[in-house]
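A.B. asks: structure here, sequence nowhere to be found:
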């Protein structure tokens, strides 16, 4: 079931077990008055649904579902496997995960589970089978969410004996023989040769250094384990209720599990969106670009519209708190989600919780349960935007530019970041932010996607290079595409071993028309870059480029390589291949996007800094979302043929306001 098939626009995450039963009717009535159409429940309710082994108490959840249904509200149920109850831990303490130092992580929070443990899998099988069987025929239950935020809190987990043995099995399947593993891991270094797979361990903390090839395979294994953990539950749910959808709430650029591969297993992707999250740095800074990127990335997991399963509804916080959303920001953030492809927006949470870790992760209702500003603002949003979301359901941005995102590349840079401040996602965001500032829509795609759909492909940090990918880039350019490659392209092979057959960037040297015989890690410094008489800045890294056929666009203006190319372009076949030998400052990235625009990449509109324009397209109809992310009135001039969706055109956009316009293209 695709999300566009569901006539749902707004919902809330609800925890009735946190509140007295006599309050439930009030909650349901207030939800109905607000315009809520769906709730997500039960993803952390295991102890109340199975208080002891085999004794299921689904009655209270039946009652909550029925009560909500009487108010026209449908239900999504989550499997509660992110928080196994105390009685399971008492019976089987070995299911608690182990970190890289060999220390157990214990009960008292959440995610206190080893996802490979066979005993825990049997607890899950028993529970999910009963859970799915009980609710499968309930017409008010429309779908399932497996677990909650898979990968959350598991960054340094799990290194227990169970996971270690599963890792060995994974390696046997991949390499076949231990001799083959030794060859591909380069175990000749530091006397790390293995004579049997049983000698291979999980990469726990060592005395000094670790094998980068082993670490890369470990990260791949961890992703595969999470995917298999999800699928283990999904198959039970699917068998019991083939008519109900299965989704999962992802977390933007979280790296533990490949969301591309997870998306393949879902009916549609979902996402948790917290623009003002207490965990984000720069609470007073404009972060609209980062918010937009996460939304575009989740859309890219299936190249389809998606749900927001947790949308910020008030102040966030655990031990420390984030800022209070300013008037208008809650609606702005929700509309940004819609602008980038969300068909339904489910707010987290309904009411601020009085107990537990998330007491200060505020909800639509405050602790008192008395509706206040959040309730009023979200109600106004639902009344205004509900019909709009129904119209745009399933519509997509129709981007001409795409960014190739690779978990393997991210894993490799996490293992060996080169520069202390260099991260894969931040480098990717250099390009995304510059395109965002020009209102140029972008898709995130995996390496396996069809490149020919795009006029521009940006492939940052292609550090690991495979023959198939190399050939794919070559053919894309040869057939007329515009390819952007960056520093550290073609350094290693799929096993995280340095390639020695040719100078960098290896097999793509002729496509790019250059070689990179040297490089400079810019520790505690930056480098000047000259482009058309203006000075810009490069950061963190410099590739020293020797052009052959490539034409320099910009040159270094400082360091011992001053005057040599920093950015180049090369004609290859019918297309162009660009090479960027540094991490660009924002100003330099803006100049690079100007180059892209000069070669035919069109912005949606020109707006002041802080005003975003995003687009969704279905057939011959287009919807343009104009979002003011600033606290000041902004003046915008938009194409006169854009038709105001609500009939009101205004050039002065108030703080945190959103306007929507439509355009219909004449059919050929």
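C.D. replies: In hand now; what should we look at? The shown structure was predicted, so the numbers you read here are calculated from the model rather than taken from an experiment.

A.B. asks: use CA for all of it now, contacts and neighbours both
C.D. replies: Noted.

A.B. asks: ok, now how distant is residue 557 from residue 640?
C.D. replies: 44 Å (Cα to Cα, to the nearest Å).

A.B. asks: more crowded one of those two?
C.D. replies: residue 557 (20 against 8; other Cα atoms under 10 Å).

A.B. asks: who's in contact with the more buried one?
C.D. replies: Residue 557 sits next to 527-530, 535, 563 when contact means Cα atoms under 8 Å, 6 or more residues apart in numbering.

A.B. asks: hmm, try it at 7 Å
C.D. replies: 528-530, 563 (Cα atoms under 7 Å, 6 or more residues apart in numbering).

A.B. asks: pLDDT score assigned to it?
C.D. replies: Residue 557 is assigned a pLDDT of 98 by the prediction.

A.B. asks: past the helix or strand containing residue 566, which element shows up next along the chain?
C.D. replies: Following DSSP states H and E, one finds residue 566 within strand 565-572. Using DSSP H and E, the helix or strand that follows strand 565-572 in sequence is strand 575-580.

A.B. asks: now that following strand: how far from the chain's centre is it?
C.D. replies: For strand 575-580, the separation from the chain centroid amounts to 27 Å (computed by Cα atoms, centre = their mean, to the nearest Å).

A.B. asks: neighbouring strands for the strand holding residue 566, and are they parallel or not?
C.D. replies: Partners of strand 565-572 in the sheet, by DSSP bridges, are strand 551-556 (antiparallel), strand 575-580 (antiparallel).

A.B. asks: any idea which helix is longest in the protein?
C.D. replies: For the chain, the helix with the greatest residue count under DSSP state H is helix 212-240.

A.B. asks: helices or strands next to it in the packing?
C.D. replies: helix 118-135, helix 407-415 (3 or more Cα pairs under 7 Å, 6 or more residues apart in numbering; DSSP states H and E).

A.B. asks: what's the shortest one in contact with?
C.D. replies: Under the contact criterion Cα under 7 Å, 6+ apart, helix 407-415 has outside partners 212, 216, 219, 258, 423-424, 462-464.

A.B. asks: closest one of these to residue 92?
C.D. replies: The shortest approach to residue 92 among the contacts of helix 407-415 belongs to residue 219, at 26.6 Å (Cα to Cα).

A.B. asks: center of the chain - which residue?
C.D. replies: For the chain, residue 252 is the residue whose C-alpha lies nearest the centre (Cα atoms, centre = their mean; 2.2 Å).

A.B. asks: do you know how far it is from residue 298?
C.D. replies: 6 Å.

A.B. asks: and residue 614, by the same measure?
C.D. replies: In terms of Cα to Cα, residue 614 sits 16 Å off from residue 298.

A.B. asks: and residue 181, by the same measure?
C.D. replies: Taking Cα to Cα, one finds residue 181 at 34 Å from residue 298.

A.B. asks: likewise residue 325?
C.D. replies: 24 Å.

A.B. asks: the more surrounded of these two?
C.D. replies: Using other Cα under 10 Å as the criterion, residue 325 and residue 298 rank with residue 298 on top: 32 against 17.

A.B. asks: which helix or which strand is home to that one?
C.D. replies: Secondary structure (DSSP H and E) places residue 298 in helix 288-300.

A.B. asks: list the pairing partners of the very next helix or strand once past that helix within its sheet, with orientation.
C.D. replies: The helix or strand immediately downstream of helix 288-300 is strand 306-312, counting by DSSP H and E. Using DSSP bridges, the strands paired with strand 306-312 are strand 270-273 (parallel), strand 342-348 (parallel).

A.B. asks: could you check the angle the last one makes with helix 288-300?
C.D. replies: It refers to strand 342-348. 120 degrees (axes from the mean of the first three to the mean of the last three Cα atoms, to 10 degrees).

A.B. asks: centre of the chain to strand 342-348, how far?
C.D. replies: That offset, for strand 342-348, works out to 16 Å (Cα atoms, centre = their mean).

A.B. asks: who touches the helix or strand following it?
C.D. replies: Using DSSP H and E, the next helix or strand after strand 342-348 towards the C-terminus is helix 373-392. Applying Cα under 7 Å, 6+ apart, the contact partners of helix 373-392 are 9, 34-35, 313-314, 331, 343, 364-365.

A.B. asks: tell me which two of the residues you listed sit farthest apart.
C.D. replies: So, the contacts of helix 373-392 by Cα to Cα: farthest apart are 343 and 365, at 23.7 Å.

A.B. asks: who has more neighbours, the two?
C.D. replies: For residue 343 versus residue 365, neighbours defined as other Cα under 10 Å are more numerous around residue 343 (29 against 22).

A.B. asks: can you pull the contacts of that one?
C.D. replies: Counted by Cα under 7 Å, 6+ apart, residue 343 has contacts 4, 9, 305-307, 389, 393-394.

A.B. asks: if you set the cut-off to 8 Å instead, what comes out?
C.D. replies: By Cα under 8 Å, 6+ apart, the contact set of residue 343 is 3-4, 8-9, 305-307, 389-390, 392-394.

A.B. asks: and if you look at residue 109?
C.D. replies: By Cα under 8 Å, 6+ apart, the neighbours of residue 109 are 83, 357.

A.B. asks: quick one: mean pLDDT for the host helix or strand of residue 515?
C.D. replies: Here residue 515 is covered by strand 514-531, with elements defined by DSSP H and E. Strand 514-531 shows a mean pLDDT of 98.

A.B. asks: partner strands of the helix or strand following that strand and their direction?
C.D. replies: Downstream of strand 514-531, the first helix or strand assigned by DSSP H and E is strand 534-547. Take DSSP bridges as the rule and strand 534-547 pairs in its sheet with strand 514-531 (antiparallel), strand 582-584 (antiparallel).

A.B. asks: now for the closest residue to residue 505 other than its chain neighbours: which residues touch it?
C.D. replies: Once flanking residues are discounted, residue 505 sits nearest to residue 490: 4.9 Å by Cα to Cα, 6 or more residues apart in numbering. Shown in contact with residue 490 (Cα under 8 Å, 6+ apart): 462-465, 499, 504-508.

A.B. asks: look up how far residue 460 lies from residue 490.
C.D. replies: From residue 490 to residue 460 the distance is 11 Å (Cα to Cα).

A.B. asks: ok, residue 42 next?
C.D. replies: 40 Å.

A.B. asks: quick one: which of the two has more around it?
C.D. replies: With neighbours defined as other Cα under 10 Å, residue 42 and residue 460 compare such that residue 460 has more, 27 against 21.

A.B. asks: next, that one: phi, psi?
C.D. replies: Main-chain dihedrals, residue 460, degrees, to the nearest 10: phi -70, psi 150.

A.B. asks: any idea how many residues pack against residue 421?
C.D. replies: Residue 421 has 10 nearby residues by other Cα under 10 Å.

A.B. asks: go ahead and confirm it touches residue 540.
C.D. replies: Yes: the pair residue 421 / residue 540 is scored as a contact, 7.5 Å apart, by Cα atoms under 8 Å.

A.B. asks: can I assume residue 636 is in contact with residue 658?
C.D. replies: No: Residue 636 is beyond contact range of residue 658, at 12.0 Å (criterion: Cα under 8 Å).

A.B. asks: so for those two, which residue has more residues nearby?
C.D. replies: residue 658 (22 against 16).

A.B. asks: beta partners for that one?
C.D. replies: Here residue 658, judged by DSSP bridges, has bridge partners residue 627.

A.B. asks: got a list of what it touches?
C.D. replies: 332, 335, 625-628.

A.B. asks: same check on residue 365?
C.D. replies: 350-352, 371-372, 374-375.
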